[in-house]
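Novice: pasting a predicted model and its sequence here:
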Amino acid sequence: MLLSNSDIERLERAGYPDKKFAYFDEQKYAKLRNLKGHCFFYDNKKHRCKIYNLRPEGCLIYPVIYSEEDGVIVDDLCPEKKTVSEEEREKKGKRVTKLLERIDRETENR
């Protein structure tokens, strides 16, 4: 999951050091860490997100994602993919496109 600067800042204000939950790839994109195949913030015992109300914007938009090959799609890996209407896919598709443009600009400035 890509992270925007505002995602990182919001989580840091909540007391999470960015070095714990995020890393920067070779192209300087900020990404959410995974631990043992799950998101850093996933609570394995309770089977839910530990930071649901603070979750990154990409999590809010999910399961609508951007695919390099297909453009804006609903993630096939999501068990709830069939619940996403075409209207919701279009609406969230605009949000995911704007988010990725913002993240690209932020990455260029790192």
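Specialist: Received, thanks.

Novice: where along this structure do the strands fall?
Specialist: Here the chain has its strands, by DSSP state E, at 22-24, 30-32, 34-35, 38-39, 42-43, 48-49, 64-67, 71-74.

Novice: got the buried residues for the last one?
Specialist: Of the residues in strand 71-74, those buried under the neighbour-count criterion (16 or more other C-beta atoms under 10 Å) are 72-74. Yep, even glycine has a C-beta here, placed from its N, CA and C like the rest.

Novice: can you list contacts of it?
Specialist: With contacts defined as C-beta atoms under 8 Å, 6 or more residues apart in numbering, strand 71-74 is touched by 63-67, 81, 84, 89, 93, 96-97.

Novice: go with 6 Å
Specialist: The contact list for strand 71-74, computed with C-beta atoms under 6 Å, 6 or more residues apart in numbering, reads 63-64, 66-67, 81, 84, 89, 93.
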